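Peer 1: sharing a model prediction with you, sequence too.
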Amino acid sequence: MAYFNFSDRPTEQRIASIASQFNLEINPNSINLYLEFQQVYREIEKRYDQLLEKFDLTESRFAILMFLFYSADKQLLPSEIAEKLGVARPTASKLLKGMKTQGLVTIEMSPSDKRASIVGITEKGIATLQRFLPYNYQAVDRLFEEFTEEERAQFYRLLHKLNSGKNKLQLLEESLDGDN
């Protein structure tokens with residue numbers, strides 16, 4: 001995945017000028033805030049991905065190992081994994097095949113339904129997870145160590161507000177579908 005860190009970011013004045021060309025009534029500060037949020041998120045993601053790579057993991061592989069480790073019998077159906085990851089079944093299948101090649105999971109036919117497969121975590125998968133988890137928790141804790149408890153609570157509330165704003169993006173997208 002390519003990471004971009006744009007050095008030419010627009011000023012609020014430039015944003016306002018562009019918006020006026022399209023007769024948009026927007027708050028230029030909102031655009032600037034989004035661009036700052038996006039840049040910080042990308043930098044954090046880049047660093048976190050580098051940490052995962054040291055354990056031959058990706059965020060998805062890590063999540064799958066966690067799902068399996070904490071599930072009953074340390075096994076799940078591929079469809080359950082896809083649902084928990086929020087991805088399509090073929091995407092999950094591709095991830096699982098790669099993890100099987102790495103020796104992190106097993107994929108076997110279900111004894112009760114020959115059409116279904118069951119995914120299980122291997123000893124290597126458990127060992128990888130147990131080696132990575134302490135670093136994972138330390139990394140996330142360090143990310144927020146400059147925050148006071150009050151700032152963490154406020155950040156949490158603000159993230160929930162931002163998340164609720166994403167529904168407005170869907171409404172805008174749906175209005176575009178009606179225009180086409």
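Peer 2: Noted; the coordinates are in hand. None of the values given here were measured: they were computed from a predicted structure.

Peer 1: OK, contacts around the most centrally placed residue in the chain?
Peer 2: For the chain, residue 59 is the residue whose C-alpha lies nearest the centre (C-alpha atoms, centre = their mean; 7.1 Å). By C-beta atoms under 8 Å, 6 or more residues apart in numbering, the residues touching residue 59 are 48-49, 52. Where C-beta positions appear, they are placed from N, C-alpha and C, glycine not excepted.

Peer 1: and the gap between it and residue 73?
Peer 2: The spacing between residue 59 and residue 73, counted by C-beta to C-beta, to the nearest Å, is 25 Å.

Peer 1: and for residue 66?
Peer 2: As judged by C-beta to C-beta, residue 66 and residue 73 stand 15 Å apart.

Peer 1: and if you look at residue 40?
Peer 2: Distance of residue 40 to residue 73, given as C-beta to C-beta: 40 Å.

Peer 1: who touches the closest residue to residue 25 other than its chain neighbours in this structure?
Peer 2: Setting aside the residues directly before and after it, residue 25 is nearest to residue 19 in space (C-beta to C-beta, 6 or more residues apart in numbering), at 7.7 Å. Contact analysis of residue 19 by C-beta under 8 Å, 6+ apart lists 25-26, 28.
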